[in-house]
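K.L.:
Give me a 3D structure for the following:
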Amino acid sequence: MVSLTLSIPPVLKERMARHREIKWSEVVRAIIARQLDSLERTNALMRNSRLTEKDVEELAGKVEKGVVKRWRAATSATRS
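P.N.:
Sure thing, here's the model as predicted:
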């Protein structure tokens with residue numbers, strides 16, 4: 001197995017030290033694997049896409065507006 005050196009802030013190391021029962025290398029391996037799976041799925045979807053960069057930007061803007069609208073509706077309902 002290949003080794004990877006990772007730098008973390010001292011505060012994070014202290015917090016991790018409080019949980020010695022956790023095998024942090026396994027946690028990091030799992031996170032890296034999930035991220036790679038996600039990237040590979042995204043690349044597979046994009047490989048056959050005919051969308052242009054402009055199309056993607058327009059869709060992203062519409063999604064963002066929809067999310068903001070839903071957030072406003074949800075937060076106004078909780079304030080009432």
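K.L.:
Poorly predicted segments of this protein, please.
P.N.:
Applying pLDDT under 70 to the chain flags residues 80.
K.L.:
per-domain residue ranges of it.
P.N.:
Per automatic domain parsing, the structural domains of the chain span 8-49, 51-80.
K.L.:
Please tabulate those in TSV, including the columns distance to residue 2.
P.N.:
To be clear about C-beta, it is placed using only N, CA and C from the backbone, and glycine gets the same treatment. Converted to TSV, the domains of the chain look like this (distance: least, C-beta to C-beta, whole Å):
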stretch	distance to residue 2
domain 8-49	11
domain 51-80	35
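K.L.:
Tabulate those (CSV), appending distance to residue 1 and mean neighbour count.
P.N.:
What follows is the domains of the chain, written out as CSV (distance: least, C-beta to C-beta, whole Å; neighbours: other C-beta atoms under 10 Å):
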stretch, distance to residue 1, mean neighbour count
domain 8-49, 10, 10
domain 51-80, 38, 9
